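J.: Provided below for reference: sequence and predicted model.
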Amino acid sequence: MLQSWVSQLGAAAVLVVCLYALFAGAWRERFGAVVYLCAWLVSFGFGMTDAAHSTLYLLVSDMICLQGFVVIAWKSPHPWAKWAVAAQLVCVALELLTLLRAGVLNWYFLTVENLAGWGVLLALLLGAVAAAQARREARRQA
């Protein structure tokens, strides 16, 4: 799965954003980083085992991620979690359409799936940056 420089760049982005959220974020961002990282590792492992059912495996890992982000977004005052749920929901819906053989083209699947994944990472990064700034501001005022 890490054969091209694009996939290696994506893996580095996932690791950097999740590690930043783990160290700089509040509990919501930390939980989101752990959920996203675990789902990414599960899909990475499934990608190495069986290519015939890769969409089904992606659906399983994305459902885990979606459920984790729904837990974070539930009654949360932070908007980043809702954006992460929306982007993750796009991933899950696209995978369901593919499994139902709704005629989703391969390039369309890959493009939308990657854009939605980057959207989740961007939402997580913005949430971690906002949490770090709020923590810095609280220290200054104390």
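T.: That came through fine. Residues are numbered from 1 along each chain as shown.

J.: Just the residues contacting the one helix or strand Cys91 maps to, thanks.
T.: Cys91 is part of helix 79-99, with elements assigned from DSSP states H and E. Helix 79-99 is contacted from outside by 28, 32, 55-56, 58-59, 62-63, 65-66, 69-70, 72-73, 76, 104, 109, 112-113, 116-117, 119-120, 123-124, 126-127, 130, using Cβ atoms under 8 Å, 6 or more residues apart in numbering. Heads up, the C-betas are built off the backbone N, CA and C, glycines and all.

J.: Out of those residues, which end up buried?
T.: Among the contacts of helix 79-99, those buried by neighbour count (16 or more other Cβ atoms under 10 Å) are 28, 32, 55, 58-59, 62-63, 65-66, 69, 72-73, 104, 109, 113, 116-117, 119-120, 123-124, 126-127, 130.

J.: Tell me which entries of these lie within helices.
T.: Those of the buried ones among the contacts of helix 79-99 mapping onto helices are 28, 32, 55, 58-59, 62-63, 65-66, 69, 72-73, 109, 113, 116-117, 119-120, 123-124, 126-127, 130, per DSSP state H.

J.: hang on, the earlier thing: now do the helix holding Cys91 and helix 54-73, the angle between them.
T.: Here helix 79-99 runs at an angle of 160 degrees relative to helix 54-73 (axes from the mean of the first three to the mean of the last three Cα atoms, to 10 degrees).

J.: Would you mark the buried spots in helix 79-99?
T.: Here helix 79-99 shows 80-81, 83-85, 87-88, 90-92, 94-95, 98 as buried, counting by 16+ other Cβ under 10 Å.

J.: got any ranges where this protein has weak pLDDT?
T.: Counting by pLDDT under 70, the chain has low-confidence residues at 1-2, 47-48, 50-52.

J.: go with 90
T.: The chain contains residues with pLDDT under 90 at 1-8, 10, 40-60, 75-76, 98-99, 101-110, 142.

J.: if I look at the closest residue to Ala39 other than its chain neighbours, how far off is Tyr36?
T.: Nearest non-adjacent residue to Ala39, counting by Cβ to Cβ, 6 or more residues apart in numbering: Cys65, 3.9 Å away. From Cys65 across to Tyr36, the span is 6 Å (Cβ to Cβ, to the nearest Å).
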